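1. A predicted structure for the sequence below; I have some questions about it.
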Amino acid sequence: MKNKETIPFWESKTLSEMTKKEWESLCDGCARCCLLKLEDEDNQNIYYTSVCCHLLDLEHCRCTHYSQRSTLVPDCVTLTPDNLHELAWMPSTCAYRLLHEGKPLPEWHPLLSGTSESTREAAASIFSYATPENEIDAEQLPDYIIEWLK
Ligand code: SF4
Ligand code: SF4
């Protein structure tokens, strides 16, 4: 049984109680949230595509303009403890969404594996299949819908 001192912060604290450093460390670097999405106007369903934001450094799955992201890409939501209601459209594997829904982190999460490589090794990263948006025509976007990603 875990005593209080050995319970990791992501199990002992709510998202709102975490320090900035703890909050940032939850991001597994999958970059799934940087994939472009399409909304079905009839039923408001959201569909992920395999096309990623033009500001993403796909090789490293990092935002190239992290501090300016919400200005440069208005659709890019900066998650904070105050807008957790925005998590519903985040990928189901996103650590913030999982914790918000009371679910555990996956075993490959870097906080559990001890290495940032585990996200890619678990094929949770978009690195192997994403196409940068500046490499396609906008009208082609529906062709890139990936229904397996929720
Ligand atoms: S989906 Fe969640 S865990 Fe993955 S990169 Fe985005 S914020 Fe981080
Ligand atoms: S602006 Fe940065 S964080 Fe936001 S979707 Fe684009 S690459 Fe991802």
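-> It's in. Residues are numbered from 1 along each chain as shown. Ligands and ions are numbered 1, 2, ... in the order given.
2. skip the chain neighbours and tell me the closest residue to the residue nearest the centre of the chain.
-> Of all residues in the chain, the one closest to the mean position by CA atoms, centre = their mean is residue 33, 4.0 Å from it. Leaving aside its chain neighbours, residue 33 sits nearest to residue 90 (5.8 Å; criterion: CB to CB, 6 or more residues apart in numbering). (Glycine included, C-beta is placed from N, CA and C.)
3. enumerate every residue touching residue 91.
-> 30, 32-33, 48, 97, 149-150 (CB atoms under 8 Å, 6 or more residues apart in numbering).
4. just the buried members of the residues you listed?
-> With neighbours counted by 16 or more other CB atoms under 10 Å, those contain buried members at 30, 32-33, 48, 97, 149.
5. among these, which one lies nearest to ligand 2?
-> Nearest to ligand 2 out of those is residue 33 (CB to the nearest ligand atom; 6.4 Å).
6. list the contacts of that closest one.
-> Per CB under 8 Å, 6+ apart, neighbours of residue 33: 90-91, 94.
7. phi, psi for it please.
-> Residue 33 has phi and psi values of phi -70, psi -10 when expressed as degrees, to the nearest 10.
8. ok, residue 135 next?
-> Torsion angles, degrees, to the nearest 10, at residue 135: phi -100, psi 0.
9. tell me how many other residues crowd it.
-> Other residues within reach of residue 135, judged by other CB atoms under 10 Å, total 10.
10. give me the phi and psi for the nearest residue to residue 61 once chain neighbours are set aside.
-> Leaving aside its chain neighbours, residue 61 sits nearest to residue 31 (3.9 Å; criterion: CB to CB, 6+ apart). Main-chain torsions, residue 31, degrees, to the nearest 10: phi 70, psi 10.
11. pLDDT below threshold where in the protein?
-> 1-5 (pLDDT under 70).
12. what parts of it come near ligand 2?
-> 34, 53, 55-56, 63, 69, 73, 76 (CB under 6 Å from any ligand atom).
13. nearest to ligand 1, of those?
-> Distances from ligand 1 to these, taken by CB to the nearest ligand atom, are shortest for residue 34, at 6.8 Å.
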